[in-house]
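> Sequence first, then the predicted structure:
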Amino acid sequence: MPVALKQAGWWRALYGLVIGAAFGYGLVVALRAASGLPLIQTEQTGYPQLVVALITGPLGFLWGIGCFDYWLRWIAGGPTVPDDHADHGAKNWKDYFKVNTDHKVIGIQYMVLTFFFFLVGGLAAMGVRAELAQPGTQIVDPNTYNGLFSTHAAFMIFVFIIPMFAGIANYVLPLMIGAPDMAFPRLNALSFWLLPCAGALLMASYFAPGGTFDAGWTGYAPLSTGAPIGQSFFNLAVQFAGASSIATAINFLVTIVTMRAPGMNFWRMPLLVWANLSTSLLVVAATPFIAGVQFMVLFDRVLNTNFFEAAMGGDVISYQHIFWFYSHPAVYIMMLPGFGIISEVISTHARKPVFGYRLMALALIGIVVLSYSVWAHHMFVSGMSSWLRVPMMITTLLIAVPTGIKIFSWLGTLFKGKIHLQSTAMLFSLGFIFTFVIGGISGVMLGMVPLDIHVSDTYFVVAHIHFVLFGGSVFTIFAGLYHWFPKITGRMYDERLGRVHFWMTLAGMLGTFIPMHWIGLEGMPRRVADYSAEFAAWNLEITIASAILGLAQLVFVYNVVVSWKYGPKASANPWRANTIEWLVSSPPPVFNFDEIPRVVGGPYEFGVPGARHAILAGDDKATVEQPKPATVGSVGSST
Amino acid sequence: MTVLKLACATIVLTVVSTVLMLIPNWNGPAASTAAGPIDDLLTVTIVMSCFVFSLVMVALIYFVWRWRAKPGDLSDGEPIHGNTKLEIAWTLIPTIMVLFLGGYSWVVLDEIEGKEPDRMVVDVYSQQFQWSFDYREQDATSYELHVPVGRQVEFRMHALDVIHSFWVPEWRVKKDNVPGVTTHLFVTPNKTGSFQLICTELCGAGHGVMRAPVVVESQAAFEKWVRQQDSVPDRPADGKDV
């Protein structure tokens, strides 16, 4: 056996990819030969030899890179090497390109890779806006245009927002609960390495015969079942991204339930932990539905199963029910972790306990429960059973209540605080409240059946989703990245560039997405490469604003790259926060804690004299659990 | 006093934003009986939305301005952990507000979907990327949609390949055309004129140009037009659904 095949790494991954793909291809050809069929099938939806290779190739890659080594050795009954954790930590940049079981390394791998996909998805959006700058067809033909907006959404949703939150939590959450790592470090590594497979499939689809998938990220049947082979790349990319999500969610659930430091009962958990607990509850139960429905589409395409072929007794509308049974909870999968981040950032930078902490946690659980009963609000005009509309409308509108509780509680947290505005994380959090209220209001409008019937599938919907996914998710992602940047890199970022990034992003965001409400109400449908001349002026304005939005992200990239290398060294706790991750050095030691911390109080006891959230051995125990008499203006909380 | 000032600021901002938001005719020209109730619903929603938006903005801007930390101030804010009465209020009041909007929407929905006994039926066929219309009562077909003003039309909609969606913005109503299913849409046009039928469900490369002219005219003009259209020998035999 050549050395390259024994040693996990990129060479073996390359071999694994080629061998896996060749095996899949050969298997199909051999089975077809055995069945007396022509060896190669090139129907535009079929290409089974390619589809199977797209499954086996990435699996070969995952084997080669080393995700399965330990398990395979164990299954084969071979001697398993007791893990000496020698691979923990990353000594130089090359270590980030290896399978690593350290949650902090995996967290950075997640964040960097998903941010790369954010830029790829952003480029697709720039393409969309360039074509829409003027009515008529200028830059791309309608098929390419449909491919651009489909891949834009697929990149942003499946390999940016959802895994970016998983990456932030991967880094921060074990530290926050005082755990040495995630519960299942090897599964954690596999979860990460599934993502480049998903992203690579999405990118590779551009080179597929017939072009990339162009049925939208929603991939409604039967448009998707009859589309060229690019659609199969989407079906399979969702499998890899979904498997990654589910494995991570299980990991988070077990980690949160079993690995909290002594003293951290549920009512002492930071809200970021609550948020990821809620998100994981959504992911484990909802994500299998989109995996299933994309397999059904794939089977329709390759095996002629006719799940969604009306002429053969298939049921077209059932696709939408199954799809949205995942994809509406997915909206909260993309938002709840952000809620958690905002609570941490606002409380810390306003120097105030989170207002109504318990109700904040319960609101998260309320959203989880309600979000399973609202999916059909995406289908008010779909021709589904009409009685479903009113109950789904009521549950949809009721979700505004726990969401409103969160907004009001953040305002309550600001009340009588000491608000530090120089932090870019805080600016993004305050900006988030502004944009998310608008997104929430347009969400209530869309929930109301008669209004939705008018604006369904128009630019009003495009405006709404971008206010909640950009003004919501992306703003909270930036808040989180800025907030924990010192902890992760051990360096401070440049706040001046951060402010430039924030104000450009906010201005570009408002300029891009506010007018979309107006042209949508007036009658511009979504997903069109061409539109009537009456909307030309606003579309030009939107394109210009979106260019500002795009350029703003380059400021962020520059800031991160330069600060990571040359920024001033960060102290353990530059924001004087209370939660446990700030008790250890920046960046944290390889095994997080030399000694497991002990949790002695709530996570946000700002301004409470003598109060502490957690203590490490060596701290002065006398100052703990002995409330001092209140002294005015004491800097009681932080260490 | 501060509370009073903030309440005044909220009211002022609500009024100003409501006035500004109610000046444009957001939904554009109206041409069906459904448009009135839907536009009224939008107006009520805008007023309530302006109030919520103003409330949050006044609190956000005032709190941030009033309690911004001075440079070098390392002290903490007041350790206020919550306020049960306030938390109950901002749970219950929004609940009442959204339930009101839900109930109102339900009433509007029933109103715009009421069926008239003397309605005219038009079968709509959609395929990539073409609309066609079948007038069975009058034994005529066309690629243009003509309907008489003031009489309810029931569109029975059939998709021949993938999902399409039927939308005339001035009528405010929309319904998908679904392969294998006949969907129904009820519209009472109340204004004559020329409009455009727009496909609003992504259906492929020609989705953006899948349009059809719509003409709403007097009963007499409609009857004259429909007599000039071809009859269809190859209509499906069962005479009902495709």
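Looks like it arrived, so ask away.
> For the chain, which residue occupies the most central location?
I'll assume chain A. residue A:162 (1.5 Å; C-alpha atoms, centre = their mean).
> could you do chain B instead?
Short answer for chain B (C-alpha atoms, centre = their mean): residue B:172, at 5.1 Å.
> My understanding was that that one contacts residue B:27; is that so?
Yes - between residue B:172 and residue B:27 there is a contact at 6.6 Å, judged by C-beta atoms under 8 Å. Just so you know, the C-beta spots here come from the backbone N, C-alpha and C atoms, and that holds for glycine as well.
> Overlap of the contact sets of those two?
A:454, B:35, B:38-39 (C-beta atoms under 8 Å, 6 or more residues apart in numbering or on different chains).
> Mind checking which of these are in helices?
A:454, B:35, B:38-39 (DSSP state H).
> Name the nearest residue to residue A:73, ignoring sequence neighbours.
Setting aside the residues directly before and after it, residue A:73 is nearest to residue A:80 in space (C-beta to C-beta, 6 or more residues apart in numbering or on different chains), at 5.4 Å.
> Double-check the one you found against residue A:70; I have them as touching.
Yes - assessed by C-beta under 8 Å, residue A:80 is found in contact with residue A:70 at 6.4 Å.
> Name the residue in the two with the higher neighbour count.
Applying other C-beta atoms under 10 Å in any protein chain shown to residue A:80 and residue A:70 shows that residue A:70 carries more neighbours, namely 16 against 12.
> Okay, that one and chain B: tell me how far apart.
45 Å (C-beta to the nearest C-beta, to the nearest Å).
> pretty sure that residue is touching residue A:186, no?
Yes - using C-beta under 8 Å, residue A:70 is in contact with residue A:186, at 5.8 Å.
> Show me the domain layout of chain B.
Residue ranges for the domains of chain B, per automatic domain parsing: B:2-64+B:89-112, B:120-228.
> Show me what from the stretch 1-150 of chain A comes close to chain B.
Listed as neighbours of chain B in the stretch 1-150 of chain A under the rule C-beta under 8 Å from any C-beta of the partner chain: A:141-143, A:146.
> out of these, who's nearest residue B:231?
Relative to residue B:231, the closest of the residues of the stretch 1-150 of chain A next to chain B is residue A:142; by C-beta to C-beta it sits at 34.8 Å.
> Phi and psi next, for residue 186.
With no chain named, the answer covers chain A. Dihedral angles of residue A:186 (phi, psi; degrees, to the nearest 10) stand at phi -70, psi -40.
> wrong one, I was asking about chain B
phi -110, psi 130.
> Return the residues in contact with it.
Each residue near residue B:186 by C-beta under 8 Å, 6+ apart is listed here: B:112-115, B:119, B:152-155, B:173.
> Mind checking which of these land in strands?
Assigned to strands by DSSP state E, the following of these qualify: B:153-155.
> Backbone dihedrals for the residue nearest to the centre of chain B, both of them.
phi 70, psi 0.
> and if you look at the one 5 residues further on?
Geometry field for residue B:177 lists phi and psi as phi -100, psi 120, criterion degrees, to the nearest 10.
> What's the local residue count around it?
Residue B:177 has 28 nearby residues by other C-beta under 10 Å.
> next one: residue B:115
Neighbours of residue B:115 using other C-beta under 10 Å come to 9.
> Are we agreed that residue A:193 is in a strand?
No - counting by DSSP: H, G, I helix; E, B strand; the rest coil, residue A:193 is not part of a strand but helix.
> any idea of the pLDDT on the closest residue to it other than its chain neighbours?
In this structure, residue A:193 finds its nearest non-sequential neighbour in residue A:67, 5.2 Å apart by C-beta to C-beta, 6+ apart. Note on residue A:67: pLDDT of 93.
> correct me, but residue A:67 touches residue A:195?
No - using C-beta under 8 Å as the test, residue A:67 is too far from residue A:195 to be in contact (11.8 Å).
> The two - which one has more neighbours?
residue A:195 (26 against 23).
> if I look at the more buried one, how far off is residue A:340?
Going from residue A:195 to residue A:340 by C-beta to C-beta, to the nearest Å gives 21 Å.
> Mind exporting the C-alpha coordinates of stretch A:9-19 to CSV?
What follows is stretch A:9-19, C-alpha atoms only, in CSV (Å, rounded to 0.1, in the frame of the first residue of the first chain):
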residue,chain,number,x,y,z
GLY,A,9,-4.7,13.8,4.3
TRP,A,10,-5.3,15.6,1.0
TRP,A,11,-3.4,13.1,-1.2
ARG,A,12,-5.5,10.2,0.2
ALA,A,13,-8.6,12.4,-0.1
LEU,A,14,-7.8,13.0,-3.8
TYR,A,15,-7.4,9.2,-4.3
GLY,A,16,-10.6,8.6,-2.3
LEU,A,17,-12.5,11.1,-4.4
VAL,A,18,-11.3,9.5,-7.7
ILE,A,19,-11.7,6.0,-6.5
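> Tell me where the stretch 51-200 of chain A has helices.
With DSSP state H, counting those that start in this stretch as the criterion, the stretch 51-200 of chain A has helices at A:69-75, A:103-132, A:142-156, A:162-176, A:185-204.
> whoops, chain B was the one
So, for chain B - with DSSP H - the helices run B:2-22, B:35-66, B:84-112, B:219-228.
> Check those helices for me and report the most buried one.
Scoring the helices of chain B by mean neighbour count under mean count of other C-beta atoms under 10 Å in any protein chain shown gives helix B:35-66 as the most buried, with a mean of 19.
> tell me which strands and helices that one is in contact with?
helix A:400-414, helix A:424-447, helix A:449-455, helix B:2-22, helix B:84-112 (3 or more C-beta pairs under 8 Å, 6 or more residues apart in numbering or on different chains; DSSP states H and E).
> Looking at the ones you listed, which is nearest to residue B:130?
helix A:449-455 (23.9 Å).
> ok now that closest one, how far from the chain's centre?
For helix A:449-455, the separation from the chain centroid amounts to 29 Å (computed by C-alpha atoms, centre = their mean, to the nearest Å).
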